[in-house]
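> Just the structure for this:
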Amino acid sequence: NLLNSSLDKLRTILTSTIKYNPINIESINGIDNELRYTSIYIPIKHPLLLSKSANIVNEYQNKKISLFVKPILLIGKLEVSSKWPNDLAAITKLKLAILLKLIELLRSQFEITSIIQEDSLDIVYEGYLFRLILLSDPEVSIASTYIPTQPSINYFHPSNLLRLCNHNQAVRAIASNYACFPDTVRYFSIWLSENYLSGTNYVLYT
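Residues are numbered from 1 along each chain as shown. Take a look at the predicted model:
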């Protein structure tokens, strides 16, 4: 799987190679169904996100190329440290500072393009767009009783992110033991869509 291979290389860069952040990234976990083989769409590299050396001009000349790119969501678990503040707003600002520093390191050391978002970092790597969301232990503890004053559809609650990580690992484990499981999930998802049920609350998170 090309996507998982690219993720493994990016994971090594973010968790092992880069060691100049004030607080390092301990682990990287994907939470998208493309990473657990249950997506009905095959994850492919986007030609506009490939390096210039890929000679995409000649290969895609006179062909239509979609400008839409679906980001692959990643959770970056930050290491335990006494440097973490006890205030959720301060933690959010510290995570933003880490992401800004990460942009500089990725560009200077690996020539990897990344773009900062409100609460995440978009990383362009080997034709894929990875969206990195940072998560810390103090944040999970504090956020368990925290309700945002201005809810947003883009808001990722820390405890929910942990559940998504656990879900991804569980589904991957099932897929590795039962080869027919991913295909079954994909066919079932298609059936739901064709029967106009894909927008209901009964759809399982695949």
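> Identify each of the strands in the protein and give its residue range.
Under the criterion DSSP state E, strands of the chain are mapped to 25-30, 72-78, 113-116, 121-125, 128-135.
> Columns mean neighbour count on top of those strands, output as JSON lines?
Using the backbone N, CA and C atoms, a C-beta is placed for each residue, glycine as well. Formatted as JSON lines, those follow (neighbours: other C-beta atoms under 10 Å):
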{"stretch": "strand 25-30", "mean neighbour count": "19"}
{"stretch": "strand 72-78", "mean neighbour count": "21"}
{"stretch": "strand 113-116", "mean neighbour count": "15"}
{"stretch": "strand 121-125", "mean neighbour count": "20"}
{"stretch": "strand 128-135", "mean neighbour count": "21"}
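> could you dump the ones you listed to CSV with mean pLDDT and distance to Ser159?
Listed next are the strands of the chain as CSV, based on pLDDT from 0 to 100; distance: least, C-beta to C-beta, whole Å:
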stretch, mean pLDDT, distance to Ser159
strand 25-30, 92, 15
strand 72-78, 93, 12
strand 113-116, 95, 24
strand 121-125, 96, 21
strand 128-135, 95, 10
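> Can you check which of those strands gets nearest to Thr17?
Comparing these against Thr17 with C-beta to C-beta, the closest turns out to be strand 25-30 (10.8 Å).
> Show me what the closest one is in contact with.
Residues from elsewhere that reach strand 25-30 (C-beta atoms under 8 Å, 6 or more residues apart in numbering): 7, 10-11, 14-15, 18, 36, 72-80, 132, 134, 165, 168-169.
> how close does the closest residue to Lys83 other than its chain neighbours get to Gly76?
Of all residues not flanking Lys83 in the chain, Ile23 sits nearest, at 6.1 Å (C-beta to C-beta, 6 or more residues apart in numbering). For Ile23, the distance to Gly76 (C-beta to C-beta, to the nearest Å) stands at 11 Å.
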